[in-house]
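In: Please work out how this folds:
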Amino acid sequence: NSCSRLLDAVARDEVPFSSKVTPFVKALKAFHAVKERCFGLHRLPGWERSIEEFGVAWDETGLSPTLKVHIVLHHVQEYLSRYESVADAGLSLSSEQSGEALHARLQRVWNLRFKVNPDNSLFPDRLVDCMVSYNWNLQWDEAGRKRIEPDSSRTAESGRCSFDAEGRGISSESSGASDLDESSESGTES
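Out: Sure thing, here's the model as predicted:
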């Protein structure tokens, strides 16, 4: 992200700064060292020392510590030493970033393939279908709730999602209609 790119650029001395801001530049460089040694998948040698050096650099800025600075200085070392169950794991396994990325991907799937107005009677079914499709990596037509009956052009409820013996979604055998659109009477995709 942009904050990480800024820290990288400052650490490489790619950003010109006035000498008046030297303490802040030192604090940014020290935080970059913490990021590199603690925030990845694995902790790197010197990670504890990098936190201490960041604390000294922060104090030299004369700024009061923000909540996040406080957490880095007083709780990251404790968390990684006492509570992280994976030996030498960094904070990335525990961060909310991966959860946020998952939610962003799920939101795209919802918006592109399943979204209906929450007042629509199909909303609960669409939400379940989205979750099933996303979590089982199914194609939309494999998680469909309605099927076209062979002798009728109208859609009929098939109940909950259907799956074969191997856990794969059972596709509609008709023209590929995956239509949960209430306005669709002919069974064609809208």
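
In: ok so V15 is a helix residue?
Out: No - under the criterion used here (DSSP: H, G, I helix; E, B strand; the rest coil), V15 is coil, not part of a helix.

In: just use 599 as the starting number from now, easier for me
Out: Happy to do that; since the first residue is 599 now, the last one works out to V613.

In: Let me see the confidence value for it.
Out: The per-residue pLDDT reported for V613 equals 84.

In: What distance do you get for it to D606?
Out: V613 sits 10 Å away from D606, going by Cβ to Cβ, to the nearest Å. From N, CA and C alone the C-beta is placed, and that goes for glycine too.

In: in the chain, which spans are strands?
Out: Using DSSP state E, the strands found in the chain span residues 744-746, 753-755.

In: which stretch in those strands has the least confidence?
Out: Looking at the strands of the chain, the weakest mean confidence is strand 753-755, a mean of 42.

In: S683: neighbour count?
Out: A count of nearby residues for S683, using other Cβ atoms under 10 Å, gives 7.

In: Which parts of the protein belong to which domain?
Out: Following automatic domain parsing, one gets these domains for the chain: 600-691, 713-788.

In: Just the pLDDT for the residue most central in space within the chain.
Out: Nearest to the geometric centre of the chain sits A699, at 1.7 Å (Cα atoms, centre = their mean). According to the prediction, A699 has pLDDT 76.

In: Contact partners for it?
Out: If you count contacts by Cβ atoms under 8 Å, 6 or more residues apart in numbering, A699 has none.

In: Please report the distance of it from Q705.
Out: For A699, the distance to Q705 - Cβ to Cβ - is 11 Å.

In: ok, and what's touching the lengthiest helix in the chain?
Out: Counting by DSSP state H, the longest helix found in the chain is helix 620-636. Around helix 620-636, the neighbours that count as contacts under Cβ under 8 Å, 6+ apart are 602, 604-606, 608-609, 615, 641-645, 648-649, 651-652, 654-656, 658-660, 670, 674, 678, 688-689.

In: Give the buried residues for it.
Out: 622-636 (16 or more other Cβ atoms under 10 Å).

In: Stretch 672-689 now?
Out: Neighbour-count burial for stretch 672-689 flags 674, 678, 688-689 (criterion: 16+ other Cβ under 10 Å).

In: of those, closest to S719?
Out: L689 (44.1 Å; Cβ to Cβ).

In: do you know how far the nearest residue to the closest one once chain neighbours are set aside is from N599?
Out: The shortest distance from L689 to any residue other than its chain neighbours is 5.0 Å, reached at F637 (Cβ to Cβ, 6 or more residues apart in numbering). In this view, F637 and N599 are 12 Å apart by Cβ to Cβ.

In: Looking only at neighbour counts, state which of those two leads.
Out: F637 (18 against 6).

In: now the more buried one: how far from R703?
Out: Using Cβ to Cβ, F637 is found at 22 Å from R703.

In: what does S679 give?
Out: 33 Å.

In: ok so, going back, now do the longest helix of the chain, average pLDDT.
Out: Per-residue scores along helix 620-636 average to 93.
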